[in-house]
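how does the following fold in three dimensions:
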Amino acid sequence: ATITDEEARAIVPPGPPLYDEDTLTDRTERFFASEMIRAALFEKLGKELPYCCEVRVTEFKEREEKGKGIIRMMATVLVERDSQKGIVIGKRGAKIKEVGIAAREKLEEFFLAKVFLDLNVKVDKDWRKNESKLKEYGYMKKK
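You can find the predicted model right below:
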């Protein structure tokens with residue numbers, strides 16, 4: 001059942017704002033970058049994409065050069081099997097190159113800066129069955 005704003009105010013106790021008015025999110029730039037890379041993976045690989053891909057941004061460096069922002073970023077696409085790694089890389093690296101170009105365009109639009117993106121693909125065997133990996137990758141809460 002849907003409740004009105006008035007009904008919600010009656011249920012929820014009043015209190016100070018949890019975030020500054022200017023705060024848009026509690027997520028990091030690395031989180032958004034990894035999600036944009038993941039989106040590019042879905043766009044370029046479609047149904048071929050192994051459903052167990054994880055994207056980790058391993059380096060994120062910002063600087064100014066000639067009055068313009070530049071971001072150098074390294075990210076790793078993690079898969080569980082060698083065969084999945086081959087799918088993501090593609091013949092002679094063609095797929096991962098397409099993914100990198102699409103991701104870089106999204107990242108430059110989002111960050112309003114020139115982005116140099118270095119993508120790598122790595123096998124992390126059975127990471128979805130490993131509780132410590134699931135915590136590390138943000139799928140489970142750390143105790």
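
name the helix or strand for V77, please.
For V77, the host element (DSSP states H and E) is strand 68-79.

list the neighbouring strands of that strand plus their orientation.
strand 54-65 (antiparallel), strand 114-123 (parallel) (DSSP bridges).

rank these by pLDDT, which is bottom?
Mean pLDDT across those is lowest at strand 54-65; the value there is a mean of 92.

put the alpha carbons of it into PDB.
This file holds the C-alpha atoms of strand 54-65, laid out as PDB (Å, rounded to 0.1, in the frame of the first residue of the first chain):
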ATOM      1  CA  GLU A  54      33.100  -7.700 -11.700                       C
ATOM      2  CA  VAL A  55      34.900  -4.400 -12.400                       C
ATOM      3  CA  ARG A  56      37.500  -3.000 -10.000                       C
ATOM      4  CA  VAL A  57      39.100   0.400 -10.500                       C
ATOM      5  CA  THR A  58      42.600  -0.100  -9.300                       C
ATOM      6  CA  GLU A  59      44.000   3.300 -10.000                       C
ATOM      7  CA  PHE A  60      42.300   6.700 -10.300                       C
ATOM      8  CA  LYS A  61      44.600   9.800 -10.700                       C
ATOM      9  CA  GLU A  62      43.400  13.300 -11.500                       C
ATOM     10  CA  ARG A  63      45.500  16.200 -12.500                       C
ATOM     11  CA  GLU A  64      45.400  19.500 -14.400                       C
ATOM     12  CA  GLU A  65      47.300  19.900 -17.700                       C
END
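
nice, that's everything, thank you.
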